[in-house]
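> quick check, what structure comes out for this input:
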Amino acid sequence: MKVTTALTSAAVAAGAVLALPAPSAQADVSPKPVQPTPAAAGKAPVIKVQVTPGAHQMRIRIPVSPSAQTPPAVRPEARPEARKGKKSVKPRVNCGGFNGWIEWGGWGSIAIPAYIDVWGKVWSTCNSTTYLYLDYSHFTSPHHKKISQAGPHSTHGVNWDTDSHSATFGQIKITTCSTYRGWSCGKPEKV
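Prediction:
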């Protein structure tokens, strides 16, 4: 008994190697021309293959054009770039400030983790302490982190990064605050 099998357009598009039963020794194996059906609007053609069921296996490789092998959703050129940025920041307050960089990016996935990195120098030129704060949203929750400080008449190196990489970060701002003549904060710099 002969069986006609239609290979789906998905198998053709993926360039699949299919394992089909091989014909038995007494089966009719004379070559018969089999033509692919015309492609429907925008779809890959369906190729009909005649096989005879049996206990053996044979492989059929279906040649397809390179552009049809990878569906558009997984082609590298179809993937959006991970959002990223880098900005020089210099927030000031009274007699203190920060000179450095903020870099951010990623999608918050295992393959492309989200991040915020801050590096540079926080400093104070008077008899007060300068504090460096980073504000951002993560999972739509606001966060306010003290990431460094410099004591009176000193400079302190900063090298800080986020400890969670599971979701993107937004509304990123950096601010310096000081204890000079009471508590005060400078204007935040947005990135």
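> quick one, helices of this protein?
Here the chain has its helices, by DSSP state H, at 9-14, 66-69.
> can you flag the weakest of those by average pLDDT?
Set side by side, these show their lowest mean pLDDT on helix 9-14, which sits at a mean of 41.
> can you name the residues in contact with stretch 122-129?
With contacts defined as CB atoms under 8 Å, 6 or more residues apart in numbering, stretch 122-129 is touched by 94-100, 130-132, 148-156, 158, 176, 178-181. Heads up, the C-betas are built off the backbone N, CA and C, glycines and all.
> now residue 156. Nearest residue, chain neighbours left out?
residue 150 (4.2 Å; CB to CB, 6 or more residues apart in numbering).
> could you report the neighbour count for the one you found?
Using other CB atoms under 10 Å, the number of residues around residue 150 comes to 25.
> could you do residue 98 as well?
Residue 98 sits with 28 neighbouring residues when counted by other CB under 10 Å.
> can you spell out the domain ranges of this protein, please?
Segmentation of the chain into domains, based on automatic domain parsing, reads 3-76, 84-190.
> residue boundaries of the strands in the chain?
According to DSSP state E, the chain carries its strands in the segments 3-7, 17-22, 47-51, 56-61, 84-89, 92-93, 96-105, 115-124, 130-138, 141-150, 154-161, 169-178, 184-185, 189-190.
> let's have the ones you listed in a markdown table, adding mean pLDDT.
Rendered in a markdown table, the data for the strands of the chain read as follows (pLDDT from 0 to 100):
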| stretch | mean pLDDT |
| --- | --- |
| strand 3-7 | 40 |
| strand 17-22 | 47 |
| strand 47-51 | 59 |
| strand 56-61 | 58 |
| strand 84-89 | 94 |
| strand 92-93 | 98 |
| strand 96-105 | 96 |
| strand 115-124 | 97 |
| strand 130-138 | 95 |
| strand 141-150 | 95 |
| strand 154-161 | 97 |
| strand 169-178 | 95 |
| strand 184-185 | 96 |
| strand 189-190 | 96 |
